[in-house]
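Trainee: this one's sequence-less:
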């Protein structure tokens, strides 16, 4: 079960963004969210312009008010559990964990608990406020390896964008018996 949190923001579009697409202006003003996420919120009416619905591709004039009242899935319903993993690096923005073989990354059908996500929540309960507790990629259950986990919504958005645009490189080495 996942929890839903509400995000509310209000911003005025500066005149220098006049002529931009709505989604581009929104991304400039709400940089902690990905443009894809903002487009979804525009399309579903959770991000409005001067109180009305618009399309992502619509142009803005500058001076309009953007009102964001969106729902974000958070890992609020998951239990905190002791799950073995080694913390390689940690700061306020991100964590690097060494996921051992035999552990599933996040809960799904057939693996509802004792996952890396459950262990991360025990280590840092505030990750509960992030989508999938900050997990932005996965490794198979029987795979050991390093995983980068977001510690903030800003880091989560940045990591998701980097993975989507392939501006980071993943490298895999395999040991076979």
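Mentor: Noted; the coordinates are in hand. Predicted, not measured: the structure shown is a model, and the values here were computed from it. Numbering: from 1, shown residues only.

Trainee: buried ones in the longest helix belonging to the chain?
Mentor: The helix that spans the most residues within the chain, counting by DSSP state H, is helix 153-164. Neighbour-count burial for helix 153-164, counted by 16 or more other Cβ atoms under 10 Å, picks out 153, 155-161. For the C-beta atoms, the positions are set from N, CA and C on the backbone; glycine is no exception.

Trainee: pLDDT wise, what is the nearest residue to residue 116 once chain neighbours are set aside at?
Mentor: Nearest residue to residue 116 in three dimensions, chain neighbours excluded: residue 105, at 4.9 Å (Cβ to Cβ, 6 or more residues apart in numbering). On pLDDT, residue 105 comes in at 94.

Trainee: pick out the residue nearest the middle of this structure.
Mentor: Centroid check for the chain by Cα atoms, centre = their mean gives residue 156 as the closest residue, at 4.1 Å.

Trainee: any idea how far the nearest residue to that one once chain neighbours are set aside lies from residue 166?
Mentor: With sequence-adjacent residues excluded and distances taken as Cβ to Cβ, 6+ apart, residue 156 is closest to residue 150, at 3.6 Å. With distances taken as Cβ to Cβ, to the nearest Å, residue 150 is found 18 Å from residue 166.

Trainee: the more surrounded of these two?
Mentor: residue 150 (23 against 8; other Cβ atoms under 10 Å).

Trainee: so that one sits right up against residue 129, yeah?
Mentor: No: with contact defined as Cβ atoms under 8 Å, residue 150 does not reach residue 129; the gap is 10.9 Å.

Trainee: ok, the closest residue in space to residue 39 that isn't next to it in sequence to residue 13 distance?
Mentor: Leaving aside its sequence neighbours, residue 39 sits nearest to residue 56 (Cβ to Cβ, 6+ apart; 4.5 Å). Separation of residue 56 from residue 13 (Cβ to Cβ): 14 Å.

Trainee: who's more crowded, these two?
Mentor: Legend: neighbour count by other Cβ under 10 Å for residue 56 and residue 13, higher for residue 13 (22 against 18).

Trainee: show me where the chain has strands.
Mentor: Here the chain has its strands, by DSSP state E, at 3-12, 47-49, 65-74, 86-90, 94-99, 145-150.

Trainee: distance to residue 40 and mean pLDDT for these - can I get that in a markdown table?
Mentor: Converted to a markdown table, those look like this (distance: least, Cβ to Cβ, whole Å; pLDDT from 0 to 100):
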| stretch | distance to residue 40 | mean pLDDT |
| --- | --- | --- |
| strand 3-12 | 13 | 81 |
| strand 47-49 | 9 | 97 |
| strand 65-74 | 9 | 84 |
| strand 86-90 | 30 | 97 |
| strand 94-99 | 24 | 97 |
| strand 145-150 | 19 | 96 |
